[in-house]
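*Asks:* give me a 3D structure for the following:
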Amino acid sequence: LIPYDSKIPEDVWYAQNLHRVNGSIPSIEIAKTFSVESMYYVRPLGVHRFPWNCQFRADLAKTCPESMLIMPDFYPAIAIIVEFRAVDHLVAIVHNVNYHIPSTWPIQIFHGKDNEDFIRKSTLAPLIASGKIFLTLMEQFDDRF
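*Replies:* The predicted structure is shown next:
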């Protein structure tokens, strides 16, 4: 294999170098099952980082939660909240943050297993569904380990 030339899009590089490993480009019907970029597919194999609309990200996050692991790096500004407890004031705080930040800023909530269901069933649900808020499960810890 030859090193990736970052002067050209990676898609083009792959297409130009598939023959080196006896690969070929599949038909669009097959390709869309593992390449999600301009079209939505229910069970994607991979995604690119992209600045597309929140609904597209929300749809993708539902079926491929791992895809959201690559998204935070894209945003020039983002609100982040870390909370492991299922406390009512978390919902009020997030709504308040959402009210005061620019509409282009997403909100990422790092949560634990104990409060995920609480967050998803709260009044934050529409913001999560729209992609404005995305959730990231984080391993809970305390000072006792």
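*Asks:* element containing residue 59, please.
*Replies:* If you go by DSSP states H and E, residue 59 is part of helix 54-63.
*Asks:* average pLDDT for that helix?
*Replies:* Helix 54-63 shows a mean pLDDT of 67.
*Asks:* pairing partners for the helix or strand immediately after it in the chain, with directions?
*Replies:* Using DSSP H and E, the helix or strand that follows helix 54-63 in sequence is strand 79-82. When pairing is defined by DSSP bridges, strand 79-82 lines up against strand 107-111 (parallel).
*Asks:* for the protein, what helix or strand is lowest in average pLDDT?
*Replies:* When the helices and strands of the chain are scored by mean pLDDT, DSSP states H and E, helix 54-63 comes last with a mean of 67.
*Asks:* can you name every helix or strand that the lengthiest helix in the chain contacts?
*Replies:* The single longest helix within the chain, with elements called by DSSP state H, is helix 88-100. When contacts are defined as 3 or more Cβ pairs under 8 Å, 6 or more residues apart in numbering; DSSP states H and E, helix 88-100 packs onto strand 79-82, strand 107-111, helix 113-120. C-beta coordinates here come from the backbone N, C-alpha and C atoms, glycine included.
*Asks:* point out where the chain drops to low pLDDT.
*Replies:* Scanning the chain for pLDDT under 70 picks out the ranges 1, 4-5, 10-11, 31-58, 60-61, 64-76, 140-145.
*Asks:* could the helices and strands packed on helix 88-100 go into JSON lines alongside distance to residue 95 and mean neighbour count?
*Replies:* Output for the helices and strands packed on helix 88-100, formatted as JSON lines (distance: least, Cβ to Cβ, whole Å; neighbours: other Cβ atoms under 10 Å):
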{"stretch": "strand 79-82", "distance to residue 95": "11", "mean neighbour count": "14"}
{"stretch": "strand 107-111", "distance to residue 95": "10", "mean neighbour count": "19"}
{"stretch": "helix 113-120", "distance to residue 95": "12", "mean neighbour count": "14"}
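*Asks:* the ones you listed: which one's closest to residue 9?
*Replies:* Nearest to residue 9, of all these, is strand 107-111, at 27.5 Å by Cβ to Cβ.
*Asks:* contact partners of that closest one?
*Replies:* Identification of contacts with strand 107-111 by Cβ atoms under 8 Å, 6 or more residues apart in numbering yields 72, 78-84, 94, 97-98, 101, 119, 127, 132-138.
*Asks:* understood, closing this out.
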